[in-house]
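after the sequence you'll find the predicted model.
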Amino acid sequence: MSTPTVLHTKERLSGVVQLVGRKPNDVPKRRWESILVFLFFAVGYSWFGYWVVVDLHVVGFETLDRLNRALMVWHNDPAKLSAIGFDYPPLSTLLITPLAVFRGFVTSMAAVPVASAIFAAFTMVAFNTMMRRALIAGPLRYALLLSLGANPLVLLYATTGTRHFMWIAFVVTALGSLMAWYITADVRWVMLAAISYSVAALAGYSSLTLFVLSAIMVGAILARLGADGTEVEGTVVGFTAPTVYVVALWTVFNFILLYNPFNWVTQSSDSAASGGLDMFSAVDLMKATGELVLYGAPLAILVLPMLIFSGFARSNPFALWLGVLLAAAILTPALAVAFRLTDSPMLMRNALPILLISVIGAVWLARSADEGSTLVAGLVVVALLVSIPWTLNAMKTYRYQNLEAPFAAAITTGESQEGAETLNGDKVGIVSEQAMAEYIRNNVTTGNSILTDNAQTYAVMMLTGHPEYFFDRVDKSDGPWKEVARDPAGEVDYMLLDVADNGDLLTKLYPDAAAGNDPQLQVVYSTPRYVLVSVPAGYSPDQATDQQLQGGS
């Protein structure tokens, strides 16, 4: 019988290229500095956003939809966590539900800028920590943060409640953690990056591409440093496990509740399969990609080749992999169009992750420059400052966009954008929603008395602050809702309809009522976008109603 060999920890870890069980050399923690950076940007973006959203009426309706769902989590009758739904990545709504605990905070619209400002401030803290680790002097760090934070594209998405900074904040944190791991060789940073990516994955599905490339990067760097197969495999598995787990869990939920495990891929607002996307040739996509980078993230034009050069010429693998990640961020919008995974091609918002990854690459180039780090950081600040008027001007005319043009007009003129049109023809403003919501607050007190399709009237619901007043599709699911929609008499007192033919199921059922021409359904109150009609006790819908509802979802 052979004698078992006992390996001491020192022997067992011999040949392991990462630090295990001992504190590595790293920059000292500065919690107060991080707290001050966070408060500065969180308060600043919230204040600026309040002006833009409340006074100038520049607000995206997607934000109002998510806040309405957050309200239903707390205040619906009954309150339902299922109100989060499957339309958006789950954490993009769940993470802002604490803002909806108090109704007034939501109905005043003050919660809208805060919903994005918190995560934008979190991103700035991650950048400041990265720059400290890159040994960039304090004055230059603060100048870079201010010049980046004042970028008009960053301002728009940090102050108007959009969900993009929610996943970007965790991606930036993950990349900052991987930078710390590369510098210190402390494997704990890999685990922090893993957790950050797992949160990012359920806050924005776009982060999954960067996650996959980061996993390959971790394995490739370890192999290049001489780690054996066991260490490479263990580290990569530890890095990927949290994200793989949450994605698998979300897939199972989609299967159990929707009978389609990949519904989150094909039907979500992040990755809707295109049914009517214009055809783009390869030349069109190349041109559109170039314009996206040129106008939205011109810093990438300088940083990408420098990362690739530094990676190959100076044997700097982390620079090379940051270049790969930046290239992926640049190419992803075009690939989404090529594979018809999006109905919103080449939107200017796609330049936001390109810009932020470019700054991460520039920070790493500054650290890699040794004595020249101050010069590199200074040039980055200059480049960011120069890009502010350049990007602001481009936002007014860039072809593929959401609220960029109204936002640029609002902050340059100080005038309300109520009634203005985006470049794709959508109306800007919320006066109709506010007027209808005020009428409902003042005249309705009975729960579940207003039948409505919340997929279209969510803005009115949110602004009332009383989702319990509405009999909507979240309350008892689509089946029972459709039954009441076919014969609402005796079930509800009112119906709230969107007057435009944009998918409202009640508008499809009762087009005359939506137009204010149904003699049985008298108009109680109307605005240019919505109409509230009364449902008399003896109301008898037309037989055609049943046929019109078929196919609705």
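Looks like it came in fine.

gap between stretch 57-65 and the chain center?
Computed by C-alpha atoms, centre = their mean, to the nearest Å, the chain-centroid distance of stretch 57-65 equals 13 Å.

what's the span of that stretch from first residue to last?
End-to-end distance for stretch 57-65: 16 Å, by C-alpha to C-alpha, to the nearest Å.

avg pLDDT for it?
On average, the pLDDT along stretch 57-65 is 92.

switch to numbering from 37
All right, first residue 37 from here; so that's stretch 93-101.

tell me which residues are up against that stretch.
88-89, 123, 145, 148, 151-152, 196-199, 305, 438-439, 442-443, 446, 452-454, 464-467, 469, 494-495, 498-499 (C-beta atoms under 8 Å, 6 or more residues apart in numbering). In this view, the C-beta of every residue, glycine as well, is placed from N, C-alpha and C.

rerun that using 7 Å as the cut-off
88-89, 148, 151, 196-198, 438-439, 442-443, 446, 452-454, 464-466, 494-495, 498 (C-beta atoms under 7 Å, 6 or more residues apart in numbering).

kindly report the same for stretch 206-217.
By C-beta under 7 Å, 6+ apart, stretch 206-217 touches 159, 162-163, 165-166, 169, 225-226, 228-229, 232-233, 235-236, 239, 243, 246, 250, 392, 396, 400.

quick revisit: out of the contacts of stretch 93-101, which are buried?
88-89, 148, 151, 196-198, 438-439, 442-443, 446, 452-453, 464-466, 494-495, 498 (16 or more other C-beta atoms under 10 Å).

only the C-alpha atoms, please, for stretch 255-272, written as CSV.
Below are the C-alpha coordinates for stretch 255-272, written out as CSV (Å, rounded to 0.1, in the frame of the first residue of the first chain):
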residue,chain,number,x,y,z
GLY,A,255,-7.5,32.6,-20.0
ALA,A,256,-5.2,33.9,-22.7
ILE,A,257,-3.4,36.3,-20.3
LEU,A,258,-2.9,33.5,-17.7
ALA,A,259,-1.6,31.1,-20.4
ARG,A,260,0.9,33.8,-21.6
LEU,A,261,2.1,34.4,-18.1
GLY,A,262,2.9,30.7,-17.7
ALA,A,263,0.0,29.4,-15.6
ASP,A,264,-0.6,25.7,-15.9
GLY,A,265,-3.8,24.2,-17.3
THR,A,266,-5.4,23.7,-13.9
GLU,A,267,-5.0,27.3,-12.9
VAL,A,268,-6.2,28.6,-16.2
GLU,A,269,-9.2,26.3,-16.2
GLY,A,270,-10.1,27.1,-12.5
THR,A,271,-9.8,30.9,-13.0
VAL,A,272,-11.9,31.0,-16.2
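
buried residues in the lengthiest helix in the chain?
Longest among the helix segments of the chain by residue count, using DSSP state H, is helix 265-294. For helix 265-294, burial by neighbour count (16+ other C-beta under 10 Å) applies to 267-268, 271-272, 275-276, 278-280, 282-283, 286-287, 290.

residue ranges with poor pLDDT in the stretch 487-589 of the chain?
578-589 (pLDDT under 70).

that one: strands as residue ranges?
506-507, 530-534, 559-562, 566-570 (DSSP state E, counting those that start in this stretch).

got it, and the stretch 287-436 of the chain?
Going by DSSP E, counting those that start in this stretch, the stretch 287-436 of the chain shows no strands.

ranges for the helices of it?
299-302, 318-332, 335-349, 353-374, 387-404, 409-431 (DSSP state H, counting those that start in this stretch).

any idea which of the ones you listed gets closest to I204?
Closest to I204 of those, according to C-beta to C-beta: helix 387-404, at 5.8 Å.

just checking, L176 touches G414?
Yes. Using C-beta atoms under 7 Å, L176 is in contact with G414, at 6.4 Å.

quick revisit: got JSON lines for the buried residues of helix 265-294, with distance to D537 too?
As requested, those are exported to JSON lines (distance: C-beta to C-beta, whole Å):
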{"residue": "E267", "distance to D537": "60"}
{"residue": "V268", "distance to D537": "57"}
{"residue": "T271", "distance to D537": "55"}
{"residue": "V272", "distance to D537": "51"}
{"residue": "F275", "distance to D537": "49"}
{"residue": "T276", "distance to D537": "46"}
{"residue": "P278", "distance to D537": "44"}
{"residue": "T279", "distance to D537": "41"}
{"residue": "V280", "distance to D537": "43"}
{"residue": "V282", "distance to D537": "38"}
{"residue": "V283", "distance to D537": "37"}
{"residue": "W286", "distance to D537": "33"}
{"residue": "T287", "distance to D537": "35"}
{"residue": "N290", "distance to D537": "30"}
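
flag the shaky bits of the stretch 287-436 of the chain, pLDDT-wise.
Ranges of the stretch 287-436 of the chain meeting pLDDT under 70: 303-315, 379.

mind running it again at 80?
Scanning the stretch 287-436 of the chain for pLDDT under 80 picks out the ranges 301-316, 375-381.

can you tell me which of the contacts of stretch 206-217 are in helices?
Using DSSP H, those in helices are 159, 162-163, 165-166, 169, 225-226, 228-229, 232-233, 235-236, 239, 243, 246, 250, 392, 396, 400.

residues contacting the helix or strand containing S70, please?
If you go by DSSP states H and E, S70 is part of helix 67-86. For helix 67-86, the surrounding residues in contact (C-beta under 7 Å, 6+ apart) are 146, 148-150, 153-154, 156-158, 160-161, 164-165, 181, 185, 194-196.

quick one: contacts for I447?
Residues in contact with I447 (C-beta under 7 Å, 6+ apart) are V88.

let me know the pLDDT of it.
95.

next one: the one 10 residues further on
On pLDDT, E457 comes in at 83.

can you count the residues close to F76?
Applying other C-beta atoms under 10 Å, we find 17 residues neighbouring F76.

and what of E469?
Look at E469: counted by other C-beta under 10 Å, it has 23 neighbours.

just checking, it touches V496?
Yes. Using C-beta under 7 Å, E469 is in contact with V496, at 5.1 Å.

now do V360 against A413, distance only.
According to C-beta to C-beta, to the nearest Å, V360 stands 23 Å off from A413.

which of the two has more residues huddled nearby?
Using other C-beta under 10 Å as the criterion, V360 and A413 rank with A413 on top: 26 against 18.

show me what contacts the more buried one?
So A413 contacts 172, 176, 180, 402 (C-beta under 7 Å, 6+ apart).

and the buried ones among the contacts of stretch 206-217, selectable in PyMOL?
Selection of the buried residues among those in PyMOL, burial being defined by 16+ other C-beta under 10 Å:
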select buried, resi 159+162+163+165+166+169+225+226+228+229+232+233+235+236+239+243+246+250+392+396+400
